[in-house]
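J.: Have a look at this fold, sequence not included:
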């Protein structure tokens, strides 16, 4: 008869409940927050594409995002640019799924600053420090 393995109470409870520990996602990296961030960044000419490049998303994935546009990226409207950027940001989160949340936040902050969006980066980091999501009013006071 096989020997029974003894676990600590805490570990045994996990096995009993079949609980898998899940990392807590930073509020500023939730899809809803990224949506507001995309709306703020995307409208400027090539800012959406540059932002994705600063996040080190492979060029092939960026090309996949824009290849279906009939008249090219520069001639599409702001809503389409925002949609493309949001899709790219969600793919970035998928690529970074094994990374710690604070590393993702730092990378996002760095990319925003390299893009020249220091005010947006400041709001992003402030909200992260407060553990709150980005909302439409977060960017209302930016010039």
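T.: Okay, I see it. Please read all numbers here as calculations on a predicted model, not as lab measurements. Numbering: from 1, shown residues only.
J.: By mean pLDDT, flag the weakest helix or strand of this protein.
T.: Using mean pLDDT, DSSP states H and E, helix 9-17 stands out as the lowest-scoring helix or strand of the chain, at a mean of 55.
J.: following that helix, which helix or strand comes up?
T.: Next along the chain after helix 9-17, taking DSSP states H and E as the criterion, comes helix 31-41.
J.: Report all helices and strands that the next helix or strand after that next one contacts.
T.: Beyond helix 31-41 in the direction of the C-terminus, DSSP H and E gives the next helix or strand as helix 47-54. Contacts defined by 3 or more C-beta pairs under 8 Å, 6 or more residues apart in numbering; DSSP states H and E place helix 47-54 against helix 31-41, helix 59-66, helix 78-95, helix 101-114. Where you see a C-beta, it was placed from the backbone N, CA and C, and this is true even at glycine.
J.: Low-confidence stretches in the protein?
T.: In the prediction, the chain carries residues with pLDDT under 70 at positions 1-23, 70, 143.
J.: mind checking how far stretch 84-100 is from the chain centre?
T.: In terms of C-alpha atoms, centre = their mean, to the nearest Å, the centre of stretch 84-100 is set 5 Å apart from its chain centre.
J.: Leaving out chain neighbours, which residue sits closest to residue 117?
T.: The shortest distance from residue 117 to any residue other than its chain neighbours is 6.4 Å, reached at residue 41 (C-beta to C-beta, 6 or more residues apart in numbering).
J.: I'd say that neighbour and residue 52 touch.
T.: No. The criterion here is C-beta atoms under 8 Å, and residue 41 misses it with residue 52 at 10.0 Å.
J.: Which neighbours do those two have in common?
T.: Residues touching both residue 41 and residue 52 by C-beta atoms under 8 Å, 6 or more residues apart in numbering: residue 85.
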